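> have a look; sequence and predicted model below, questions after that.
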Amino acid sequence: MGAMRAIWIASLLAAAMSLSGCTIYGVKNPPTLKSTTSAEQYERIFWSAVKAKNWQQVPGLLAANVMYSAGGKVLTKDQVVPYLQGLNLTDFAITSMVVKPNGPDMNLNYTLQLSSAGGPPQTLSAISVWQQVAQGWILTVHTEQPQTQ
């Protein structure tokens, strides 16, 4: 009876270890558009594409009638990529993310820090609205403005 119990406890421990996610080979790849269903991850992928200057990827993330408000102007879809190119982004950081569902939409409110070549980092308050569509998520609204201290 004692040996049987020891085997049972050992197998329980092995099962618990495998369930806890302690994998030796656990390489965490960054999310891709095909691997994520999260609007927050889409926002990060969007800014990663801008940082990487992957200008072919950005338009596919934007709704045809996107309202992109930056620098005191509301940009059309055709104006967004030239605006983003002009940022000459070298890095970005997203913090204080709050995500709230609203029907087929996800509302994101966060702090966005943008670093550009040759300038000090800008800290912006940002709001994005992503809408779930057949192929994933599209950005329908984005607004950013300098944070007031």
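Received, thanks. Being a predicted model, the structure only gives us computed values, none of them experimental.
> what is the host helix or strand of Q41 packed up against?
Element membership for Q41, per DSSP states H and E: helix 39-51. Packing partners of helix 39-51 (3 or more CB pairs under 8 Å, 6 or more residues apart in numbering; DSSP states H and E): strand 89-102, strand 105-116, strand 122-133, strand 136-146. C-beta coordinates here come from the backbone N, C-alpha and C atoms, glycine included.
> neighbours around the nearest residue to N109 once chain neighbours are set aside, how many?
Leaving aside its sequence neighbours, N109 sits nearest to V98 (CB to CB, 6 or more residues apart in numbering; 4.7 Å). As a burial measure, V98 scores 10 neighbours (other CB atoms under 10 Å).
> within its sheet, name the partner strands of the helix or strand containing M67 and how each one runs.
Element membership of M67, judged by DSSP H and E, is strand 62-70. Strands that pair with strand 62-70, judged by DSSP bridges, come out as strand 73-75 (antiparallel), strand 136-146 (parallel).
> make a markdown table out of the ones you listed and add mean pLDDT.
Formatted as a markdown table, those follow (pLDDT from 0 to 100):
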| stretch | mean pLDDT |
| --- | --- |
| strand 73-75 | 96 |
| strand 136-146 | 95 |
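> wait, doesn't Q122 sit right on A93?
No. At 11.0 Å, Q122 does not count as touching A93 under the criterion of CB atoms under 8 Å.
> between the two, what contacts are shared?
Shared contacts of Q122 and A93 (CB atoms under 8 Å, 6 or more residues apart in numbering): Q113.
> may I see the buried residues of the strand holding M67?
For strand 62-70, the neighbour count (16 or more other CB atoms under 10 Å) marks 62-63, 66, 68, 70 as buried.
> next, format these as TSV and append pLDDT.
Listed next are the buried residues of strand 62-70 as TSV, based on pLDDT from 0 to 100:
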residue	pLDDT
L62	97
A63	97
V66	97
Y68	98
A70	95
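> ok, so of those, who is nearest Q56?
Nearest to Q56 out of the buried residues of strand 62-70 is L62 (CB to CB; 12.5 Å).
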